[in-house]
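Peer 1: Predicted model follows, preceded by the sequence.
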Amino acid sequence: MVRFYTRQGDRGETGLLAGARVGKDSLRVEAYGNVDELSSHLGLAESQLDPSLREVTEILQRLQDELFILGAELATPRGAKLPAHLIQDPHVRRLEEELDRLSAPLGALESFVLPRGTPAAAELHVTRTVARRAERSLVRLSREEPLREVLLRYVNRLSDLLFALALTVNRASGFVERPPDYDR
């Protein structure tokens, strides 16, 4: 029988790739934990999508794959050999291309919009905020030890894409965005 526990983390430490042990409260563990949470929210958003939104489903599935790649790099301690697959500039360019394509039919926003809508779109808004938290944790980690700059660009573009995806999903359902009411 395979066990899903090892007892090795019972004292507040966890293992990184290449065998190094660090505290579970380290910046590195926080960063890849936020990326893992982000991926989980993507899965939740996908589970709520209307089946007709196949392009959005495909994007979310690919993003989960890319976040797994990002998480593996973040789980690799400084000085250890990096994983074979890494987030690179073409990943960032693809996010930008998707963002341009999805935002074109939405037009320019004239104000902020509230994070709401269909269950899938609302979850994509949550996912966007988790992406921003992940970005902040990567920035904090990068102040302590060097990270490849492309990782910060990737996560920054990702949160923008998630916003566009939320609006796209809402528009497909006929949901009308509304700005905050500052006079309430």
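Peer 2: Yes, it's here.
Peer 1: Could you name the helices and strands sitting against whichever strand or helix holds Leu161?
Peer 2: Leu161 belongs to helix 149-173 when elements are defined using DSSP states H and E. Contacts of helix 149-173 with other secondary structure elements, assessed using 3 or more CB pairs under 8 Å, 6 or more residues apart in numbering; DSSP states H and E, are made with helix 54-74, helix 89-103, helix 119-144. Bear in mind the C-beta positions are built from the backbone N, C-alpha and C, glycine included.
Peer 1: how about 6 Å then?
Peer 2: helix 89-103, helix 119-144 (3 or more CB pairs under 6 Å, 6 or more residues apart in numbering; DSSP states H and E).
Peer 1: possible to save those helices as JSON lines with mean pLDDT?
Peer 2: Listed next are the helices and strands packed on helix 149-173 as JSON lines, based on pLDDT from 0 to 100:
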{"stretch": "helix 89-103", "mean pLDDT": "97"}
{"stretch": "helix 119-144", "mean pLDDT": "97"}
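Peer 1: Among the ones you listed, show me which one is buried the most.
Peer 2: Per-stretch averages of neighbours, counted by mean count of other CB atoms under 10 Å, single out helix 119-144 among the helices and strands packed on helix 149-173, with a mean of 20.
Peer 1: ok now that one, how far from the chain's centre?
Peer 2: 6 Å (CA atoms, centre = their mean, to the nearest Å).
Peer 1: Same question for stretch 92-107.
Peer 2: The chain centroid and the centroid of stretch 92-107 are separated by 16 Å under CA atoms, centre = their mean.
Peer 1: I'd say Val155 and Arg133 touch.
Peer 2: No. No contact is recorded between Val155 and Arg133 when judged using CB atoms under 6 Å, the distance being 10.0 Å.
Peer 1: Could you list the low-pLDDT ranges of this structure?
Peer 2: Along the chain, the model assigns pLDDT under 70 to residues 8-10, 13-16, 19, 22-24.
Peer 1: For the spatially closest residue to Glu46 that is not a sequence neighbour, give its distance to Thr127.
Peer 2: If the residues on either side of it in the chain are set aside, Glu46 comes closest to Leu60, at 4.5 Å by CB to CB, 6 or more residues apart in numbering. Counting by CB to CB, to the nearest Å, the separation of Leu60 from Thr127 is 9 Å.
Peer 1: Nice, that's everything, thank you.
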